[in-house]
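In: Everything below, folded, please.
(one chain, ligands or ions: 2)
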Amino acid sequence: MSSAPRTLAEKIWDAHVVRSAQGEPDLLFIDLHLVHEVTSAQAFDGLRAAGRKVRRPDLTLATEDHNVPTNPGIGPGTPIEGPGTPVTDPVSRIQLETLRRNADEFGVRLHPMGDPGQGIVHVIGPQMGITQPGMTIVCGDSHTSTHGAFGAIAFGIGTSEVEHVLATQALPQIKPKTMAINVEGALPDGVTAKDLILAIIGQIGTGGGQGYIVEYRGEAVRNLSMEGRMTVCNMSIEAGARAGLVAPDETTFEYLKGRPNAPQGADWDAAVEYWKSLPTDEGAVFDHEVTIDASTLSPYVTWGTNPGQALPLGAAVPAPGDTEDPNGTERALTYMGLTAGTPLRQIQVDTVFVGSCTNGRIEDLRAAADVIKGRQVASGVRMLVVPGSMQVRAQAEAEGLNEVFTAAGAEWRSAGCSMCLGMNPDTLKPGERSASTSNRNFEGRQGKGGRTHLVSPAVAAATAVTGRLAAPADL
Ligand SMILES: CC(C)[C@H](C(=O)O)[C@@H](O)C(=O)O
Ligand code: SF4
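Out: Ligands and ions are numbered 1, 2, ... in the order given. Purely as a prediction, here's the structure:
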């Protein structure tokens with residue numbers, strides 16, 4: 001092996017190449033394959049048709065997340081069909097039934113709706129300690145980049161690739177280029193990981209990461225919790241990046257230690273020693289570098305229909321002529337029903353959603369609860385708080401956060417993707433406007449005709465109180 005300095009991404013990549021040939025993609029070994037109901041059915045069909053088995057069921061984990069309703073009463077044994085099922089949409093039911101049949105037939109572990117281990121695929125991996133530094137992780141889901149927060153190469157794949165990984169536990173991949181995003185200085189008080197990633201995408205654009213694995217570096221990133229790092233890595237894909245990662249450090253080890261699937265005893269010590277060898281070497285060269293001054297940031301919100309259309313909350317809706325893409329801005333403003341020059345703080349919402357794989361973890365719920373505690377959701381506003389997993393839900397309940405939310409007039413729900421996207425009953429009606437802690441504000445994302453402003457959990461909670469886009473400092 002060469003002794004030239006390497007980046008974190010290059011080290012993980014090199015350690016997983018099982019076959020490399022000039023002019024061909026590398027064949028990578030995959031350490032963890034996550035599966036959900038939306039992108040797996042055809043892959044299992046393909047295996048069945050070819051008479052193949054799942055090569056490594058021990059490295060494969062499935063959950064139900066996109067199609068599950070989040071009615072408060074859902075628990076172990078809640079049926080997905082028959083009288084009394086909360087699953088009313090036939091397509092959702094078929095997808096859930098199919099995943100259950102496939103998991104059973106192919107011997108894949110599955111956390112079904114209502115199971116205490118169930119949750120959004122990108123929330124349960126980390127919470128189980130199954131997501132670890134140095135790994136290669138794939139899932140038929142673009143936000144697989146979330147797991148990069150642990151110093152893993154984690155990326156979304158298509159359904160034919162899902163089939164390939166199920167059959168072989170390997171995947172041919174062209175090596176992406178490397179980019180460093182250096183976030184220097186400290187985030188000011190009240191500025192969160194979500195604001196940081198919205199600011200980054202606002203700066204580099206939704207195509208800015210295309211062709212790259214991004215490593216987030218610098219003081220502000222080092223100071224983020226694991227939850228915050230997951231929020232940042234989660235949205236790498238919204239900047240077009242193949243993956244996003246953060247070097248493992250004491251924060252990572254502290255988070256993992258003692259989790260059910262984390263190594264133990266001597267194995268733990270050996271793992272930590274290996275993980276400590278992963279960070280980018282002094283002198284390693286990235287193909288591209290971007291520097292962000294954290295101290296200049298403030299709470300960010302989106303005004304348009306892609307995550308790059310983000311501005312500080314103190315700004316106003318831009319005029320088409322003031323942007324690089326006047327036509328795109330014009331179209332976004334029309335869809336969003338906004339007028340150029342309107343201060344963002346004057347935008348009124350009728351729905352607030354706290355949840356998703358971006359901001360549905362315990363720390364996110366704590367941040368929202370902190371703001372809403374002792375206050376009331378504004379009249380005419382509906383606030384949904386949806387834990388990213390049943391375990392997050394249980395923990396939040398143990399901390400009394402559910403009572404904080406319900407006392408404020410918010411709805412406390414069961415775990416799932418929920419209003420992040422319109423694949424389950426939690427949707428916006430045409431023309432409704434949300435402040436949402438999720439990651440995509442595309443046209444129709446939260447329901448046909450729905451309008452989405454992406455925000456942090458703290459901004460979501462403050463917005464619920466005032467009924468207009470607001471930060472906690474405004475209350
Ligand atoms: C349904 C799934 C394929 C999709 C994705 O890949 O990201 C979804 O999770 C999303 O967030 O849009
Ligand atoms: S929470 Fe949203 S972004 Fe995350 S996996 Fe579900 S639908 Fe995709």
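In: which residues in the stretch 301-450 of the chain form strands?
Out: Counting by DSSP state E, counting those that start in this stretch, one finds strands in the stretch 301-450 of the chain at the ranges 310-312, 351-354, 382-385, 411-412, 433-436.
In: Same list, these, but as CSV with mean pLDDT, mean neighbour count and distance to residue 36 please.
Out: Every residue, glycine included, has its C-beta placed from N, CA and C. Below are these laid out as CSV (pLDDT from 0 to 100; neighbours: other C-beta atoms under 10 Å; distance: least, C-beta to C-beta, whole Å):
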stretch, mean pLDDT, mean neighbour count, distance to residue 36
strand 310-312, 98, 21, 28
strand 351-354, 98, 29, 20
strand 382-385, 98, 24, 21
strand 411-412, 98, 18, 24
strand 433-436, 98, 28, 20
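In: mind putting the ones you listed in TSV, distance to residue 216 included?
Out: Below are the strands of the stretch 301-450 of the chain laid out as TSV (distance: least, C-beta to C-beta, whole Å):
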stretch	distance to residue 216
strand 310-312	17
strand 351-354	24
strand 382-385	27
strand 411-412	32
strand 433-436	23
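In: Make JSON lines out of these and add distance to ligand 2.
Out: Shown next, in JSON lines, are these (distance: least, C-beta to the nearest ligand atom, whole Å):
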{"stretch": "strand 310-312", "distance to ligand 2": "17"}
{"stretch": "strand 351-354", "distance to ligand 2": "10"}
{"stretch": "strand 382-385", "distance to ligand 2": "13"}
{"stretch": "strand 411-412", "distance to ligand 2": "17"}
{"stretch": "strand 433-436", "distance to ligand 2": "10"}
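In: Which one of the ones you listed lies nearest to residue 198?
Out: Nearest of the strands of the stretch 301-450 of the chain to residue 198, taken as C-beta to C-beta: strand 310-312 at 4.2 Å.
In: Centre of the chain to the closest one, how far?
Out: 20 Å (C-alpha atoms, centre = their mean, to the nearest Å).
In: Can you list the helices and strands that it packs against?
Out: helix 193-204, strand 300-302 (3 or more C-beta pairs under 8 Å, 6 or more residues apart in numbering; DSSP states H and E).
In: Quick check: which of those is buried the most?
Out: Comparing the helices and strands packed on strand 310-312 by mean neighbour count (mean count of other C-beta atoms under 10 Å), strand 300-302 comes out on top with a mean of 27.
In: got the contact list for the residue of the stretch 201-350 of the chain found nearest ligand 1?
Out: Relative to ligand 1, the nearest point of the stretch 201-350 of the chain is residue 237 (7.5 Å; C-beta to the nearest ligand atom). Listed by C-beta atoms under 8 Å, 6 or more residues apart in numbering, the contact set of residue 237 reads 142, 143, 145, 156, 244.
In: what's the closest of those to residue 122?
Out: Nearest member of the contacts of residue 237 to residue 122, counting by C-beta to C-beta, is residue 143, at 5.5 Å.
In: Next, the one residue in the stretch 101-250 of the chain that gets nearest to ligand 2: phi, psi?
Out: The stretch 101-250 of the chain approaches ligand 2 most closely through residue 143 (4.5 Å), counting by C-beta to the nearest ligand atom. Residue 143 adopts backbone torsions of phi -90, psi 20, taken as degrees, to the nearest 10.
In: So which other helices or strands are in contact with the lengthiest helix in the chain?
Out: Assignment by DSSP state H gives helix 90-106 as the longest helix of the chain. With contacts taken as 3+ C-beta pairs under 8 Å, 6+ apart, helix 90-106 sits against helix 41-49, strand 109-111.
In: for those, which one ends up most surrounded?
Out: Greatest average neighbour count among those goes to strand 109-111 (a mean of 19), per mean count of other C-beta under 10 Å.
In: Quick check: phi and psi at the residue lying closest to residue 441 once chain neighbours are set aside.
Out: Of all residues beyond its chain neighbours, the one nearest residue 441 is residue 452 (4.0 Å), with distances taken as C-beta to C-beta, 6 or more residues apart in numbering. Here is the backbone geometry of residue 452 (degrees, to the nearest 10): phi -120, psi 130.
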